[in-house]
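Asks: need coordinates for the below:
(one chain, ligands or ions: 1)
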Amino acid sequence: MSDLTRFTAAEIAAALADGSVTSVEVTRRHLDRIAAVEGDVRAFLHVDRHGALATAADVDRRRAAGEPLPELAGVPVAVKDVLTTVDLPTTCGSKMLEGWISPYDATVVSKLKAAGMPILGKTNMDEFAMGSSTEHSAYGPTRNPWDTTRIPGGSGGGSAAAVAAFEAPLAVGTDTGGSIRQPGAVTGTVGVKPTYGGVSRYGLVAMASSLDQAGPVARTVLDAALLHEVMGGHDPRDSTSLDMPVPPVVEAARRGDVSGLRIGVISELGGEGFQPGVRRCFEEGLEMLARAGAEIVEVSCPSFVHGIAAYYLVMPSEVSSNLAKFDAMRYGLRVAPEGVDDPSAEQVMAASRDAGFGDEVKRRIILGTYALSSGYYDAYYGSAQKVRTLIARDFEAAFEQVDVLASPTSPTVAWPLGEKLDDPLSMYAQDVATIPANLAGVPGISVPVGLSEGLPVGFQFLAPAMADDRLYNAGAALERLVTERDGRPFAAQAPELEVTR
Ligand code: GLN
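Replies: I've put the predicted structure just below:
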């Protein structure tokens, strides 16, 4: 195996450490791969050839000088365009921020830089992370590398597709209701939403602050753990950051032992609305885990059925407040209202927000503003917060019985581009299995478990807050079982992409 883009991050790190390759070589190979397949995939909004190679050269020089380096030094990474960067634009997939350059790096980005990881570029996403297909990006959709007529999931479809298409060994995503895990499921990649507060949100352009969390995207569970370790940890600049050490995720990913592990299958997730092929793959995963010594029990989480309803009140409420800052006064797009001489600030604001935001963003701002309006606040936002508490209690009760919970990550495989674009509710329904974790703040992982109609299916594990290591242990076990069954790593089964350059 000589194609460096096929190496896992752990393999690249080992090859860099033993001197068999340089970071410049590895980084250049990935940049070439990006140039070759981007015409088809369109995972990136900005590619930073110069910056990535400069970091790579610097790491190579430091390594040659015998400097001790972090484990992932020299391993390239892609970053979702919702995390701020001083040397590249941050658009959040929106016209509102076209060309905007942040005056500061997100903490996650600073950590990648401190770890010596060349940043290949910024990845495409649904506008302000609102969507499940990346079709709501103002810059056009990303395509699923398994079938380029289909969606790569969302909102982090760019990060998932970049990793699935071997354009990057690793990527950073963000997950407010499933945006790391669902793209992971439909592109056959591993995606983790860490415990809320486990990874700093400083410099993560907020969608819904009480739900947003950045996490790793990779092709293997171990690679995700290695990146998680780099990204995680306390940050005094984020008041919701947990002042606790990163859970031992790498050790857990190397262990991958489910013997005696109690796995609770969530009865409410996996029935109606889940495609038969998805259910079949999930059940096969459970059978393999049982044969490997896990104890599988059924667990009921009755409030989960209200998860989508609660999320689509809490999230838009926070969106309406967070996106109020795009007022055309401080930064971002400014549009003069047509036919108005000497427009007022309010008129400029209205014209700019009308031109700068897409339909889905406007829909959510309107929904959230309504839910928070006096007279409706208790009926909508207040009730949703109560449901949120009930969901957290369901998790608590479940984790008294089991070590981890399990469900399919997403009810369907990747659908054809355009299919759900005019039907927001059916798009929202895609998040049924991922949303409860965000509402309760607990961590979740999606691991590829099999194929249905030739398309990847994801298996989700959920764990108690700050027990992220349990996800990696269970995920690594499942990954090994899937690899043994298939006779090759899951990612190796993806069809070859057409090279367009
Ligand atoms: N698909 C969900 C939504 O549209 C989740 C988005 C996310 O996690 N950023 O809100």
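Asks: Glu498: how many residues sit nearby?
Replies: 10 (other CB atoms under 10 Å). Using the backbone N, CA and C atoms, a C-beta is placed for each residue, glycine as well.
Asks: next: Asp58.
Replies: The burial count for Asp58: 16, using other CB under 10 Å.
Asks: how about the one 10 residues further on?
Replies: For Pro68, the neighbour count with other CB under 10 Å is 7.
Asks: same check, this time on the one 3 residues further on
Replies: Around Glu71 there are 18 other residues, counting by other CB under 10 Å.
Asks: can you check Phe274 too?
Replies: 18.
Asks: quick check on Val172: phi, psi?
Replies: Torsion angles at Val172 (phi, psi; degrees, to the nearest 10) stand at phi -100, psi 140.
Asks: ok, now how distant is it from Met96?
Replies: To Met96, Val172 is 22 Å away according to CB to CB, to the nearest Å.
Asks: neighbour count: those two, which is higher?
Replies: Val172 (32 against 24).
Asks: correct me, but the more buried one touches Leu83?
Replies: Yes. Using CB atoms under 8 Å, Val172 makes contact with Leu83 at a distance of 6.5 Å.
Asks: which residues do those two both contact?
Replies: Val108, Ala214 (CB atoms under 8 Å, 6 or more residues apart in numbering).
Asks: so Ala309 sits against Arg388, correct?
Replies: No. Under the criterion of CB under 8 Å, Ala309 makes no contact with Arg388, lying 10.9 Å away.
Asks: measure stretch 120-140 end to end?
Replies: Distance between the boundary residues of stretch 120-140 (CA to CA, to the nearest Å) amounts to 20 Å.
Asks: before we move on, the earlier item: more crowded one of Ala309 and Arg388?
Replies: Arg388 (24 against 15).
Asks: let me see the contact set for the residue nearest the centre of the chain.
Replies: Geometric centre of the chain, nearest residue: Ile180, 2.1 Å, by CA atoms, centre = their mean. With contacts defined as CB under 8 Å, 6+ apart, the neighbours of Ile180 are Gly156, Ser159, Ala160, Gly173, Thr174, Gly191, Val192, Lys193, Gly215, Pro216, Val217, Ser446.
Asks: same thing but 10 Å
Replies: Ile180 sits next to 80, 153, 155-156, 159-160, 171-174, 189-194, 213-217, 224, 434, 444-446 when contact means CB atoms under 10 Å, 6 or more residues apart in numbering.
Asks: which residue of the protein sits farthest from its center?
Replies: The chain, CA atoms, centre = their mean, max distance from centroid: Asp341 (44.8 Å).
Asks: where's that residue, which helix or strand?
Replies: Taking DSSP states H and E as the definition, Asp341 sits outside all helices and strands.
Asks: now it, what are its backbone angles?
Replies: Residue torsions, per degrees, to the nearest 10, at Asp341 are phi -80, psi 140.
Asks: helices or strands next to the worst-scoring helix or strand of the chain on mean pLDDT in the packing?
Replies: Sorting the helices and strands of the chain by mean pLDDT, DSSP states H and E puts helix 424-428 at the bottom, at a mean of 94. In terms of contacts (3 or more CB pairs under 10 Å, 6 or more residues apart in numbering; DSSP states H and E), helix 424-428 is packed against helix 307-322, helix 359-372.
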